[in-house]
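**Student:** 3D, please:
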Amino acid sequence: MRQSYVFLRVRWCLAMAALAATSRPASAQDRPPRAVVVAKIDSIAAAAVKDSQTVGLSIAVVKGTDTLLRKAYGLANWELDVPTVATMIYPIASITKQFTAVAVMRLVEQGKIDLDADLTRYLPDFPTQGNSIPVRRLLDHTSGILEFQAIADYRDRVMARGLPLDSVYAVMARQERASSSRLVR
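**Tutor:** Numbering: from 1, shown residues only. So this is what the prediction gives:
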């Protein structure tokens, strides 16, 4: 839990630094020189790694068409001692949950999704093994559908192959469900 909190705090600090770097003071003469802004952002990111708040990160701060800073810090994989690179693509995993929930709720507001409808209304080929899974159970993570990292041999079957999302969906659809006590019947 602490690691998640620290990660969020580091992201917040970097977001605030980027906001400060790209916001406009009252007049142009009040703006700090570009080099000062870049140095401040760089020091915040470097300190996060140095102070063990995070193992590694990559950042890019852009103002208009000007890239102020694009740099990597620390390690992408601590166990294998793999350094981060500025062009690294990170799996964002759980961070997408909040955006997905907002998108689904906007569709609910528009009458395009019913939270109480069964999952198979929208994904008719998804094997629910005879269980009724209301859409709302997907949003509160109590559907009983295993998260894809819980798939046996996930690293070998999914990650190592770099499968596209439709392939990940197919692999997930073939998996057994979590304990039946977590399923809505």
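**Student:** Pro124 and Asp118, how far apart?
**Tutor:** 10 Å (CB to CB, to the nearest Å). Using the backbone N, CA and C atoms, a C-beta is placed for each residue, glycine as well.
**Student:** Let me fix that, I meant to ask about Ala48.
**Tutor:** Distance, Ala48 to Asp118, by CB to CB: 44 Å.
**Student:** just to revisit the earlier point, okay, Pro124 and Asp118: which has more neighbours?
**Tutor:** Asp118 (17 against 8; other CB atoms under 10 Å).
**Student:** So what sits opposite the more buried one in the bridge?
**Tutor:** Pro134 (DSSP bridges).
**Student:** so what's it up against?
**Tutor:** Thr128, Ser132, Ile133, Pro134, Val135 (CB atoms under 8 Å, 6 or more residues apart in numbering).
**Student:** and the second one, how many residues sit next to it?
**Tutor:** Using other CB under 10 Å, the number of residues around Ser132 comes to 13.
**Student:** what do you get for the last one?
**Tutor:** The criterion is other CB under 10 Å. On that basis, Val135 has 20 neighbouring residues.
**Student:** just the third one next, same as before
**Tutor:** Neighbourhood size, Ile133 [other CB under 10 Å]: 23.
**Student:** With the first one instead?
**Tutor:** Here the number of neighbours of Thr128 (other CB under 10 Å) works out to 17.
**Student:** So it lies in a strand, does it not?
**Tutor:** No. Under DSSP: H, G, I helix; E, B strand; the rest coil, Thr128 falls outside any strand and is assigned coil.
**Student:** wait, isn't it in contact with Thr120?
**Tutor:** Yes. The pair Thr128 / Thr120 is scored as a contact, 6.2 Å apart, by CB atoms under 8 Å.
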